[in-house]
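A.B. asks: turn this into a structure:
(chains A and B)
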Amino acid sequence: MPTLIQARDIADYEGQEITLQGWVYNRTHKGKLVFLLIRDGYGFVQCVAFQGELDAELFETLAHIPQESSVIVTGMVRADSRAPGIPGGYEVGIMGVEVVQAVGDEYPISLKEHGVDFLLDHRHLWIRVPSQWAILRIRTTIISAIREWLEQNGFTLLDTPILTPAACEGTTTLFETEYFDEGPAYLAQSGQLYNEANIFAFGKVYCFGPTFRAEKSKTRRHLTEFWMVEPEMAFCDLEQLMEVEEQFISHIVQRTLRDCRNELLSLGRDLSVLERIVPPFPRISYDEALEKLAQIRAETDDAEARKLLEIEWGDDFGSPHETALTKLFDKPVFVYGYPTGAKAFYMEPWPGRPDVSKSVDLLAPEGYGEITGGSERISDPDLLLKRIHEHNLPEEAFRWYIDLRRYGSVPHSGFGLGVERTVTWICGIEHIRETIPYPRTINRVYP
RNA sequence: UCCUCGGUAGCUCAAUUGGCAGAGCGACCGGCUGUUAACCGGUUGGUUCCUGGUUCGAGUCCAGGCCGAGGAGCCA
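C.D. replies: Numbering: from 1, shown residues only, chains lettered A, B, ... in the order given. I've put the predicted structure just below:
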């Protein structure tokens, strides 16, 4: 058998006889000529059969081979600018085909238009099409880049529990489950509090795992099960946190550009937009952000937009505010110093301004909005205890967390990055549900 | 939880004022040596989301329900 190759490497084999193992993504029968678009998991390659060059029986088989049949193709690689594919520009002149399985039933997903509900019901097949394949390859590259950067920069991976005793932050709705005789347990919404314990043993740490939110959110930015990476650092203040985040995000984007160029192009992504994502990122305070929003409101004639952009000091941003702010910049923008009342209980107050917290969100450009949320954490045990009481949290459950401030407390900071929101932004797509292999939304747990 | 929109063939959709249920795609058959979701001809294809009501007559109007999408709130 000639050399078995992967579709993405096809350009390296011009003029050589090769073998491809894969599936028939599309077939075009044109009289004495058959085009098969073969996908092999690594790319999409056009293979061409001429009637005069093949055994008559084989040609007849190829002329009728059903979509998604599995095949082993041998043939000669040649350059041809007309050839579609990922990457395109090369095709295989078919010399032989072994049909592993000829599909007998009609394949549900045609190459024509389908509705979202239908596609999600067939997610197990939908992931085969080029757009979904490209998005999920970009996802895995982004995850690899995340781990790579953190490991190269001294972060230790420590997995935090998924079954947790109570709300970590006491804000969002959690999935509840019975835990033997211990009463209810909850699916994790964050590993942060455990990360804070871990930094006192390991310095810089991260956790990376699935996160669960039972909020009844029905928007293109929400999943009930999503993946979050949460780095946490000892001896780190808010300013240092922003420096880490911009290095981290830039690495993720540049690595994806390097390794997933074909995938990004196949999605129609404008690469120049991503090439700009290098440090430093702009930083604006919450107060400055409010001024900019007021200015945007004053300049718009759209009454509805004006209403959506209403905000008073003390409110957290809604999605319309984030979208409007990100359109002012061509890089991700840090917004820091949110009102204490709008954020979680554990955030360090701004020096001399207790109504402001040392918090920072990173908003992705082009209207994508929040991809990270972070803060410097309270390091004083008395203040932390006071905040726990103010938020009506059970002191007993947080005893271990308060201990961290009693035994060698230091300034420390961390953030969480939503993987699927990052993938959505880097891919330049509309909806978060395409960025995870099997999305879980408010009314979908199948397949 | 709230607001808006939608549900008709396997898929994507159309159906005028309430008057015979339609098209494209897919599948199947035939044609075509450069297709890019090919194209051309033919064949096939229906619980119009459910329940009840109005009417000579309901896909269409009314009431209730179910399911889905987009957005708000909440959040990453």
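A.B. asks: check which residues of the helix or strand bottoming out on mean pLDDT in chain A are buried.
C.D. replies: Lowest by mean pLDDT, DSSP states H and E among the helices and strands of chain A is helix A:303-308, with a mean of 82. The neighbour-count criterion (16 or more other Cβ atoms under 10 Å) identifies residue A:308 as the buried residues of helix A:303-308. Yep, even glycine has a C-beta here, placed from its N, CA and C like the rest.
A.B. asks: that one close to RNA strand B?
C.D. replies: Yes - residues of helix A:303-308 contacting RNA strand B under Cβ under 7 Å from any atom of the strand: residue A:308.
A.B. asks: ok, then the element right after that helix?
C.D. replies: helix A:319-326 (DSSP states H and E).
A.B. asks: what does the helix or strand just after that next one contact?
C.D. replies: For helix A:319-326, the succeeding helix or strand toward the C-terminus, using DSSP H and E, is strand A:333-336. With contacts defined as Cβ atoms under 8 Å, 6 or more residues apart in numbering, strand A:333-336 is touched by A:238, A:242, A:245-246, A:281-286, A:289, A:317, A:325-326, A:358-363, A:365.
A.B. asks: next step: those restricted to helices.
C.D. replies: Among the contacts of strand A:333-336, the members found in helices (DSSP state H) are A:238, A:242, A:245, A:246, A:286, A:289, A:325, A:326.
A.B. asks: pull out the buried residues from those residues.
C.D. replies: Among those, those classed as buried by 16+ other Cβ under 10 Å are A:238, A:242, A:245, A:246, A:286, A:289, A:325, A:326.
A.B. asks: need the contact list for the second one.
C.D. replies: To tie it back to what came earlier, the one meant is residue A:242. Applying Cβ under 8 Å, 6+ apart to residue A:242 gives the contacts A:281, A:283, A:334, A:336, A:360.
A.B. asks: now the residue nearest to the third one when sequence neighbours are not counted: how far from RNA strand B?
C.D. replies: Leaving aside its sequence neighbours, residue A:334 sits nearest to residue A:283 (Cβ to Cβ, 6 or more residues apart in numbering; 4.4 Å). When Cβ to the nearest atom of the strand, to the nearest Å is applied, the distance between residue A:283 and RNA strand B equals 17 Å.
A.B. asks: residues in contact with the least confident helix or strand of chain A?
C.D. replies: When contacts are defined by Cβ under 8 Å, 6+ apart, helix A:303-308 is touched by residues A:297, A:300, A:318, A:320.
A.B. asks: the first one contacts residue A:321, doesn't it?
C.D. replies: No - applying Cβ atoms under 8 Å, one finds residue A:297 not in contact with residue A:321, separated by 10.2 Å.
A.B. asks: which neighbours do the two have in common?
C.D. replies: By Cβ under 8 Å, 6+ apart, the residues touching both residue A:297 and residue A:321 are residue A:309.
A.B. asks: which of these two has more residues huddled nearby?
C.D. replies: Neighbour count, other Cβ atoms under 10 Å: between residue A:297 and residue A:321, residue A:321 has more, with 23 against 17.
A.B. asks: write out the residues of the stretch 251-400 of chain A neighbouring RNA strand B.
C.D. replies: A:308, A:316, A:318, A:319, A:320, A:322, A:342, A:369, A:370, A:371, A:372, A:373.
A.B. asks: related to what we said a few turns ago, can you put the contacts of residue A:242 in a markdown table and add pLDDT?
C.D. replies: Converted to a markdown table, the contacts of residue A:242 look like this (pLDDT from 0 to 100):
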| residue | pLDDT |
| --- | --- |
| A:281 | 97 |
| A:283 | 97 |
| A:334 | 97 |
| A:336 | 96 |
| A:360 | 97 |
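A.B. asks: show me what contacts whatever residue of the stretch 201-350 of chain A ends up closest to RNA strand B?
C.D. replies: Closest approach between the stretch 201-350 of chain A and RNA strand B, counting by Cβ to the nearest atom of the strand: residue A:318, at 2.3 Å. Applying Cβ under 8 Å, 6+ apart to residue A:318 gives the contacts A:308, A:311.
A.B. asks: next one: it from residue A:221, what distance?
C.D. replies: Going from residue A:318 to residue A:221 by Cβ to Cβ, to the nearest Å gives 12 Å.
A.B. asks: and residue A:324, how many neighbours?
C.D. replies: By the criterion of other Cβ under 10 Å, residue A:324 has 21 neighbours.
A.B. asks: surely it is in contact with residue A:302?
C.D. replies: No - taking contacts as Cβ under 8 Å, residue A:324 lies outside contact range of residue A:302: 11.5 Å.
A.B. asks: next, the angle helix A:319-326 makes with the helix or strand containing residue A:297.
C.D. replies: Assigned by DSSP H and E, residue A:297 belongs to helix A:286-299. Computed with axes from the mean of the first three to the mean of the last three Cα atoms, to 10 degrees, the direction of helix A:286-299 lies at 90 degrees from that of helix A:319-326.
A.B. asks: any residues touching helix A:286-299, and which ones?
C.D. replies: Residues from elsewhere that reach helix A:286-299 (Cβ under 8 Å, 6+ apart): A:284, A:305-306, A:309-311, A:313, A:317, A:321, A:324-325, A:328, A:335-339, A:356.
A.B. asks: test my guess that residue A:404 contacts residue A:195.
C.D. replies: No - the pair residue A:404 / residue A:195 is not scored as a contact, 10.7 Å apart, by Cβ under 8 Å.
A.B. asks: what about the residue in the stretch 101-250 of chain A that RNA strand B sits nearest to, neighbour count?
C.D. replies: As assessed by Cβ to the nearest atom of the strand, RNA strand B sits closest to residue A:115 within the stretch 101-250 of chain A, at 2.5 Å. Here the number of neighbours of residue A:115 (other Cβ under 10 Å) works out to 8.
A.B. asks: repeat for residue A:382
C.D. replies: Neighbour count of residue A:382, defined by other Cβ under 10 Å: 10.
A.B. asks: before we move on, what about residue A:240?
C.D. replies: If you count neighbours by other Cβ under 10 Å, residue A:240 ends up with 14.
A.B. asks: contacting residues for it?
C.D. replies: A:233, A:413.
A.B. asks: after the host helix or strand of it, next one along is what?
C.D. replies: Assigned by DSSP H and E, residue A:240 belongs to helix A:238-259. Once the chain leaves helix A:238-259, the next helix or strand it forms, by DSSP H and E, is helix A:261-266.
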